[in-house]
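> Based on what follows, work out the 3D shape:
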Amino acid sequence: MELYKEPIVYNDPLLRIQVRSFHSAVICQHGWHSHPELEIIAVRSGTMEIHTADNVYHLRAGEVLILGSCQPHLDLRKQNQVVDYVVIQFELEAFLDSNMLPFLYLFQESVLPLVRLNSLSRDNSELRQQLYSTVIELQREHEQKHRGYEMAINYLVKKCLFLILRHDNEGLLEHNRSMNYAKLKIVFDYVKAHLSDKITAQQACLLANFSYTYFLKYFKQTLGITFTDYVIHRRIKYAERLLLTEDLSIAQIAEQVGLPNISHFYKLFKRVHHCSPKRFKYTIIARANETIG
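Residues are numbered from 1 along each chain as shown. Below you'll find the model as predicted:
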């Protein structure tokens, strides 16, 4: 099986999500494919099949399917049959906030293959209907782009995750580890207070009263991302805010977010947003002016 690594393109630098609507009889051109982003499919009319390595999912109108990060899959439908459906693909970490921290690791493939969560909506019509309507509403917000649609999309992605968590009657998202979030909160507070300074895992593990090796393992298991990636995420989010609210040069912003090596700052920023800081700022300001106009 030849696996195509599908590139996901984000049109909005503030929203790490791709939203597409299809009304087509064309079979997936890529064959078997995967991508690091989570994917949710909602069928509006017609029927289609989604194949994974272990299962075949038959989707009808009003049904949804969840595919986890890097889950190989194949989209099929009957020849000449038109299917109307919506696909959303997003980076889970991009929707990270303090309220989600205790639950983020639950949606990592390393803990549970997320494709297994589809049994929840299959057996629960209320969850199925709510997930479907949430995805359709998200697609509508993305298409219409009314003022504040970015906030709506952010909310609706989190609502999808909340619905799955709240309706997990099978205990799929339960964990059997004792998580000490109080100790991690000390670490989160430390990172937030020192974004302009040097942040070290050594200092973080001392605050949490963990050994260095155990802290790194514990942090990754709990959040699903490494401590280093978490710090980078916080620094880039801080840089976004400074770009849009302060009259500072790129070098000054890089310094203020604790990344004084401007080449390194550019590299990390582009890794997150696939564009330069200047391009990011221009795109957001231009879009805001269009909305006002």
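
> Where do the domain boundaries of this structure fall?
4-166, 181-292 (automatic domain parsing).

> Among the ones you listed, which comes closest to E174?
domain 4-166 (8.6 Å; Cβ to Cβ). Yep, even glycine has a C-beta here, placed from its N, CA and C like the rest.

> end-to-end on the closest one?
Chord length of domain 4-166, first to last residue, is 34 Å (Cα to Cα, to the nearest Å).

> after the least confident helix or strand in the chain by mean pLDDT, next one along is what?
One helix or strand of the chain scores below all others by mean pLDDT, DSSP states H and E: helix 101-104, with a mean of 69. Downstream of helix 101-104, the first helix or strand assigned by DSSP states H and E is helix 118-123.

> Show me the shaky parts of the protein.
Applying pLDDT under 70 to the chain flags residues 1, 13, 25-30, 98-99, 101-102, 105, 110-111, 175-181, 287-293.

> What ranges does it have for its strands?
4-5, 17-24, 33-34, 38-45, 48-51, 56-59, 64-67, 74-76, 83-90 (DSSP state E).

> Return the most buried member of those strands.
strand 64-67 (a mean of 24; mean count of other Cβ atoms under 10 Å).

> packing partners for that strand?
strand 38-45, helix 118-123, helix 125-144 (3 or more Cβ pairs under 8 Å, 6 or more residues apart in numbering; DSSP states H and E).

> can you redo these as CSV with distance to R60?
Output for these, formatted as CSV (distance: least, Cβ to Cβ, whole Å):
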stretch, distance to R60
strand 38-45, 6
helix 118-123, 12
helix 125-144, 11
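
> Minimum distance to A254: which of the ones you listed has it?
Of all the helices and strands packed on strand 64-67, the one in closest proximity to A254, counting by Cβ to Cβ, is strand 38-45 (30.6 Å).

> As TSV, the domains of the chain with distance to E174 would be great.
Converted to TSV, the domains of the chain look like this (distance: least, Cβ to Cβ, whole Å):
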stretch	distance to E174
domain 4-166	9
domain 181-292	15
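
> between the ones you listed, which gets nearest to L173?
Distance to L173, taken as Cβ to Cβ, is lowest for domain 4-166 among the domains of the chain, at 4.5 Å.

> Only the C-alpha atoms, please, for stretch 256-271, written as PDB.
C-alpha atoms of stretch 256-271 as PDB (Å, rounded to 0.1, in the frame of the first residue of the first chain):
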ATOM      1  CA  GLN A 256      10.600  40.100  24.100                       C
ATOM      2  CA  VAL A 257       9.400  36.500  23.600                       C
ATOM      3  CA  GLY A 258      12.700  35.000  24.600                       C
ATOM      4  CA  LEU A 259      14.000  34.200  21.100                       C
ATOM      5  CA  PRO A 260      16.700  36.900  20.600                       C
ATOM      6  CA  ASN A 261      18.300  35.000  17.700                       C
ATOM      7  CA  ILE A 262      16.100  36.500  15.000                       C
ATOM      8  CA  SER A 263      16.900  33.700  12.500                       C
ATOM      9  CA  HIS A 264      15.700  31.100  15.000                       C
ATOM     10  CA  PHE A 265      12.600  33.200  15.800                       C
ATOM     11  CA  TYR A 266      11.700  33.300  12.100                       C
ATOM     12  CA  LYS A 267      12.300  29.600  11.700                       C
ATOM     13  CA  LEU A 268      10.000  28.700  14.700                       C
ATOM     14  CA  PHE A 269       7.300  31.200  13.600                       C
ATOM     15  CA  LYS A 270       7.300  29.900  10.100                       C
ATOM     16  CA  ARG A 271       7.100  26.300  11.400                       C
END
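
> Flag every buried residue along that stretch.
Q256, V257, G258, L259, F265, Y266, L268, F269 (16 or more other Cβ atoms under 10 Å).

> Which of those residues sits closest to Y10?
F269 (13.9 Å).

> Which residues are in contact with the closest one?
I236, A239, S276, P277, F280 (Cβ atoms under 8 Å, 6 or more residues apart in numbering).

> likewise F227?
By Cβ under 8 Å, 6+ apart, the neighbours of F227 are V187, A201, A204, F215, L216, F219, K220.

> Excluding residues flanking it in the chain, which one is nearest the second one?
Just to be clear, that refers to A201. Distance criterion Cβ to Cβ, 6 or more residues apart in numbering; nearest residue to A201, sequence neighbours excluded, is F227 at 5.2 Å.
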